[in-house]
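1. Sequence first, then the predicted structure, then my questions.
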Amino acid sequence: MPSYVVTDYTRQQARRLGLEVRSSTRVGKKIDVYRDGKYIGSAGAIGYDDFPNYIKKKGQAYAEERRRLYRARHTEGPRDTPSWLAWNLLW
């Protein structure tokens, strides 16, 4: 049974990019990402919150600040890498 429930925010971001997301089957990961039915990667560590979960837990303003800090610490990375997927789908 998946331990992470994909949020509407992440599904909308994926749709915008022409991707499909599902709860990950990989241990320790949040989402598996597919393009045209083909697996392209997994993203997000289970032990950490992300933008949509911060909104639910602490509100929009707090989530925006966490996103700003996440993006200051991380680079978007090349397309379809785990860092790119997390940046664009979870943050």
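-> Ah, there it is.
2. Touching, residue 62 and residue 51? I think so.
-> No. At 10.5 Å, residue 62 does not count as touching residue 51 under the criterion of C-beta atoms under 8 Å. Just so you know, the C-beta spots here come from the backbone N, C-alpha and C atoms, and that holds for glycine as well.
3. Pull out the buried residues from the helix ranked longest in the chain.
-> Determined from DSSP state H, the single longest helix within the chain is helix 60-73. By neighbour count with 16 or more other C-beta atoms under 10 Å, helix 60-73 contains the buried residues 63, 66, 67, 70.
4. repeat for stretch 22-42
-> In terms of neighbour count (16+ other C-beta under 10 Å), stretch 22-42 has its buried residues at 24, 29, 30, 31, 32, 33, 40, 41, 42.
5. name the element the closest residue to the second one other than its chain neighbours belongs to?
-> Spelled out, that is residue 29. Among residues not flanking residue 29 along the chain, residue 42 sits closest, at 4.2 Å (C-beta to C-beta, 6 or more residues apart in numbering). Using DSSP states H and E, residue 42 sits within strand 38-45.
6. What is the helix or strand following that strand packed up against?
-> Counting by DSSP H and E, the next helix or strand C-terminal to strand 38-45 is helix 51-58. Contact here means 3 or more C-beta pairs under 8 Å, 6 or more residues apart in numbering; DSSP states H and E; on that basis helix 51-58 packs against helix 8-16, helix 60-73.
7. TSV please, covering those helices and showing mean pLDDT and distance to residue 79.
-> Shown next, in TSV, are those (pLDDT from 0 to 100; distance: least, C-beta to C-beta, whole Å):
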stretch	mean pLDDT	distance to residue 79
helix 8-16	98	14
helix 60-73	98	17
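8. Noted, bye for now.
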